[in-house]
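Peer 1: quick one: sequence plus predicted model below, questions after.
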Amino acid sequence: MKLYIKNMVCGRCEMAVKLELERMKLPIISIKLGEVNLSRELTDEEIQEFSKNVESLGFELLEDEVSKTIAQIKNGIIDLVHYRNEKIKINLSSYLSKDLRQDYSALSKLFSEREGITIEHYFIAQKIEKVKELLVYDELSLSEIAIQLNYSNVAHLSNQFKKVTGFTPTYFKKVGENTRKQIDSL
């Protein structure tokens, strides 16, 4: 049985869901962002209990097909941008079509209708969040970040960053460092 869960965005989310499944003694095959595979079908009571328990953790058990597909698109993009350690050198439409085994134009239309933004804009927003994270960590140069996230050049990254955040990456880094130092000094 496969369950789809909204708001799973990191390893800690996977761990929280895993702990709940183990607590309920449900037979886990695998867990990944937004998706749980179990070795048997659950009873209606088990589904209701699990749903209630994960909601208290900030998650939501998805039941309709459209919500499941939207969650799979988001989780695929989040995984691609935030958790793969290789450079993002992949065509997004091919990646999603292959991963979800559906036509990209249908996925794109569904996503836009439900979310009010395009898949591409969601992808860009996730890339910008990753840029922010990398800027604050201060381990990579802007050129290295541009390469890692498959920007054609630093200017393209900087322009997109400013368009989304209203700040240049350099300004954001300066403000982020100052904020972090203030928090550390508390």
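Peer 2: Ah, there it is. Numbering: from 1, shown residues only.

Peer 1: okay, now the domains of the chain?
Peer 2: Per the record, the chain has its domains at 1-63, 121-184, by automatic domain parsing.

Peer 1: where does pLDDT dip in the protein?
Peer 2: Within the chain, the ranges that satisfy pLDDT under 70 run 85-89, 176-186.

Peer 1: now do the strands in it.
Peer 2: For the chain, the strands defined by DSSP state E occupy 2-6, 28-32, 35-38, 60-62.

Peer 1: returning to what we had before: what's the closest of the domains of the chain to residue 80?
Peer 2: domain 121-184 (8.1 Å; Cβ to Cβ). Placement of C-beta: from N, CA and C, glycine included.

Peer 1: show residues contacting stretch 43-60.
Peer 2: 3, 5-8, 13, 16-17, 20-21, 23-24, 26, 42, 61 (Cβ atoms under 8 Å, 6 or more residues apart in numbering).

Peer 1: for the closest residue to residue 40 other than its chain neighbours, give me its contacts.
Peer 2: Leaving aside its chain neighbours, residue 40 sits nearest to residue 27 (5.7 Å; criterion: Cβ to Cβ, 6 or more residues apart in numbering). Going by Cβ under 8 Å, 6+ apart, residue 27 touches 38-40.

Peer 1: tell me who's in contact with the residue most central in space within the chain.
Peer 2: Closest residue to the average C-alpha location of the chain: residue 78 at 2.5 Å, with Cα atoms, centre = their mean. By Cβ under 8 Å, 6+ apart, the residues touching residue 78 are 9, 33, 126.

Peer 1: for the chain, what spans make up the helices?
Peer 2: Assigned by DSSP state H, the chain shows helices spanning 11-23, 44-55, 65-78, 92-100, 104-115, 119-137, 142-148, 154-165, 169-184.

Peer 1: circling back to that earlier point, put the buried members of the contacts of residue 27 into a PyMOL selection.
Peer 2: Only the buried entries of the contacts of residue 27 go into this PyMOL selection, using 16 or more other Cβ atoms under 10 Å:
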select buried, resi 38
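
Peer 1: closest to residue 82 among the contacts of residue 27?
Peer 2: residue 38 (25.7 Å).

Peer 1: and the nearest residue to that closest one once chain neighbours are set aside, how many neighbours?
Peer 2: Setting aside the residues directly before and after it, residue 38 is nearest to residue 1 in space (Cβ to Cβ, 6+ apart), at 4.6 Å. Residue 1 is flanked by 14 other residues according to other Cβ atoms under 10 Å.
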